[in-house]
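# sequence unknown, structure follows:
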């Protein structure tokens, strides 16, 4: 069973977002479990992420953009590198701390600035899509 | 009052998506009204879109990517060109009909393949963001 931890600053608990994400959490339940970790500020975020395993990347609008096929390959590689564990960091309202932008690889879901909520939803959907692409299903055409 | 029509194929009525979009519809209610138009198939989509005014663009993963600032400028320009009206087309599960891909400008929200639902949410949020950018508010930093 793979484990994916998603770190962010400042807890948001929109009902619609939980409903939207739940669908992908369910579909992935035999492959991967998500853990959502909330830091209260950038300092706590840095401390929490530093304790993590080898495989970490951050989401940032300035990061590398990729299509879903490349992201699928990247996510599969990262899970292997991390020994079934992957940690992903989403910045808070002010973006990622500069220290983390330098230390970890940066991936961008879109050149557009997305809300934290949209970022989280797209991330979870793209991780689900990554596994569907890897197993060659019809989900991704 | 500006009018923005969003055309798509195949009606989806996820509760979470309505909740998520409603927030931006409300915030924009003194500036712009959205109308969501559902076609039953590609042929009906083409007929409906052909009746529209000057300002039309389509969303497609192969389209031009832009950051939120450029998209803001583009949307404002398109509203001016269309005389307060703008029509945007989202393809169905099979993507846009080839005919429409050739006829209209193509804009991409992300190089990643998004679900129809994520596309609709990001589009509405980016249109709200476009107006916040244009008026120089703190929403977009």
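That came in fine, so what should we check first? It should be emphasised that the depicted structure is a prediction, and the values quoted were computed from it without experimental measurement.
# residues contacting residue A:116?
The contact partners of residue A:116, by CB atoms under 8 Å, 6 or more residues apart in numbering or on different chains, come to A:8, A:10, A:12, A:90, A:92, A:93. All C-beta atoms are positioned from the backbone trio N, CA, C, and that covers glycine.
# These, buried ones only, as a ChimeraX selection?
Per 16 or more other CB atoms under 10 Å in any protein chain shown, the buried members of the contacts of residue A:116 correspond to this ChimeraX selection:
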select /A:8,90,92
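# Just put the contacts of residue A:116 in CSV and tack on pLDDT.
Rendered in CSV, the data for those read as follows (pLDDT from 0 to 100):
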residue, pLDDT
A:8, 94
A:10, 85
A:12, 80
A:90, 95
A:92, 77
A:93, 75
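# what subset of the contacts of residue A:116 is also close to chain B?
Counting by CB under 8 Å from any CB of the partner chain, nothing from these sits close to chain B.
# Could you list the low-confidence segments of chain A?
Per-residue confidence for chain A (pLDDT under 70) gives these ranges: A:53.
# what about the strands in chain A?
Under the criterion DSSP state E, chain A carries strands at the ranges A:2-9, A:32-39, A:56-65, A:85-90, A:106-108.
# so which of these is the most packed in?
Relative to the other members of the strands of chain A, strand A:85-90 carries the highest mean neighbour count by mean count of other CB atoms under 10 Å in any protein chain shown, namely a mean of 23.
# Stretch A:16-27 vs chain B: in contact?
Yes. Using CB under 8 Å from any CB, stretch A:16-27 reaches chain B at A:16, A:17, A:19, A:20.
# Pull the contacting residues for residue A:46.
Neighbour list for residue A:46: A:97, A:99, A:100 [criterion: CB under 8 Å, 6+ apart].
# Show the buried residues in the residues you listed.
Applying a neighbour-count criterion of 16+ other CB under 10 Å, the buried members of the contacts of residue A:46 are A:97, A:100.
# tell me the two of the residues of stretch A:16-27 next to chain B that are most distant?
Distances among the residues of stretch A:16-27 next to chain B were taken as CB to CB; the most separated pair is A:17 and A:19, at 7.3 Å.
# who touches both of the two?
Residues within reach of residue A:17 and of residue A:19 at once, by CB under 8 Å, 6+ apart, are residue B:16.
# Between these two, which is the more surrounded one?
When neighbours are counted by other CB atoms under 10 Å in any protein chain shown, residue A:17 and residue A:19 differ, and residue A:17 comes out ahead with 20 against 15.
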